[in-house]
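Q: Sequence below, structure please.
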Amino acid sequence: MRLDKWLWAARFFKTRSLAQQAVASGRVKLNGDRIKAAHSVKAGDGLSIRIAEFEWSIVVRALSEQRGPAPRAQLLYEESEASRAERQKRADQRRWGSEPALRLKGRPTKRNRRLLEKFARREADPADNTDT
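A: Numbers count the residues shown, from 1 in each chain. The predicted model follows:
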């Protein structure tokens, strides 16, 4: 069975073309190797799938030519316990707040640069701790 078709049937991607793009860009690896979308997959193969910031490490358990409901799709693979724990940890981090530095883009504005310089001067000279 084609890998892109299996990824679509197992509900990792909404369309086969999205699955093909993910395989072509190297976000899906079969037994640790980059492959093509037309590569055949069989039961027992190990897949590593990266979707956004989440990484799935799974073992193929069954094949399906049709895309079915989610509970049936989950029977097609088995996720490792370490992968499940890491995904849960990342989901919790995302839910409880993002990294503040992620919002910063590009160079600081003139105002931000002046605030940074003021902060750096204050840190360098702890005796002068007055706010002006």
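
Q: OK, contacts around residue 1?
A: 40-42, 63, 65 (Cβ atoms under 8 Å, 6 or more residues apart in numbering). Every residue, glycine included, has its C-beta placed from N, CA and C.

Q: Make a PyMOL selection of whichever of the residues you listed turn out to be buried.
A: In PyMOL, a selection of the buried entries from the contacts of residue 1 looks like this (16 or more other Cβ atoms under 10 Å):
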select buried, resi 41
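
Q: can you redo the contacts of residue 1 as CSV with pLDDT and distance to residue 57?
A: Below are the contacts of residue 1 laid out as CSV (pLDDT from 0 to 100; distance: Cβ to Cβ, whole Å):
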residue, pLDDT, distance to residue 57
40, 92, 20
41, 93, 15
42, 92, 18
63, 93, 19
65, 85, 24
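
Q: ok, the contacts of residue 1 vs residue 93, which is closest?
A: Distance to residue 93 across the contacts of residue 1 (Cβ to Cβ) is lowest for residue 41, with 31.2 Å.

Q: Hmm, residue 3 and the closest one touching each other?
A: Yes - here residue 41 reaches residue 3: they are 4.8 Å apart, a contact under Cβ atoms under 8 Å.
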